[in-house]
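A.B. asks: Here is the input, now give the coordinates:
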Amino acid sequence: MILFRVGQHIKTFLLCSKKEEVNERGRVIYTAEKPKMKIKGSISAVSQEEKNRWKQMGHDVSHTIVIRAKTQIQPEDILLYDDSRFDIAAVENPGEVGIFQIVYCRKREWLGEYGRI
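C.D. replies: Numbering: from 1, shown residues only. Here you go, the predicted structure:
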């Protein structure tokens, strides 16, 4: 039996590719293209130790998403859930058997006019 804490239940995310655009001010913004597929996974915040480990490698990570299947997710893709956007930094396949995938990502909530879907 699996026990979830509040907010760690299975959620449905939309997987999108990253698209680079230049807005009217001349700034480069990154938006998401049309969603490719739906992915179900469990999300949780990373510990301070994991946050520091990923920061040393040059990635700003705030959450992990555990997916119970092998998917087409790659670093630089975007996952959308409700009003939140998750920029993917890395994808791990623990055990190299393709049963689970761990996605390390950064949550971006309020994006205003820069990169909002």
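
A.B. asks: do you know how far the nearest residue to G98 once chain neighbours are set aside is from H9?
C.D. replies: Counting by Cβ to Cβ, 6 or more residues apart in numbering, G98 lies nearest to K70, which is 4.1 Å off, once chain neighbours are set aside. Yep, even glycine has a C-beta here, placed from its N, CA and C like the rest. The gap separating K70 from H9 is 22 Å, by Cβ to Cβ, to the nearest Å.

A.B. asks: Identify the residues contacting the residue nearest to G98.
C.D. replies: 93, 98-99, 101 (Cβ atoms under 8 Å, 6 or more residues apart in numbering).

A.B. asks: try I67
C.D. replies: 39-41, 73, 100-103.

A.B. asks: Beyond the worst-scoring helix or strand of the chain on mean pLDDT, next helix or strand please.
C.D. replies: Here the helix or strand of the chain ranked lowest by mean pLDDT, DSSP states H and E is strand 28-32, holding a mean of 80. Under the assignment DSSP states H and E, the closest C-terminal helix or strand after strand 28-32 is strand 37-45.

A.B. asks: starting at the chain centroid, how far to that following strand?
C.D. replies: 8 Å (Cα atoms, centre = their mean, to the nearest Å).

A.B. asks: What are the buried residues along it?
C.D. replies: By neighbour count on 16 or more other Cβ atoms under 10 Å, the buried set for strand 37-45 is 39, 41-43.

A.B. asks: what's that strand packed up against?
C.D. replies: strand 10-16, strand 63-67 (3 or more Cβ pairs under 8 Å, 6 or more residues apart in numbering; DSSP states H and E).
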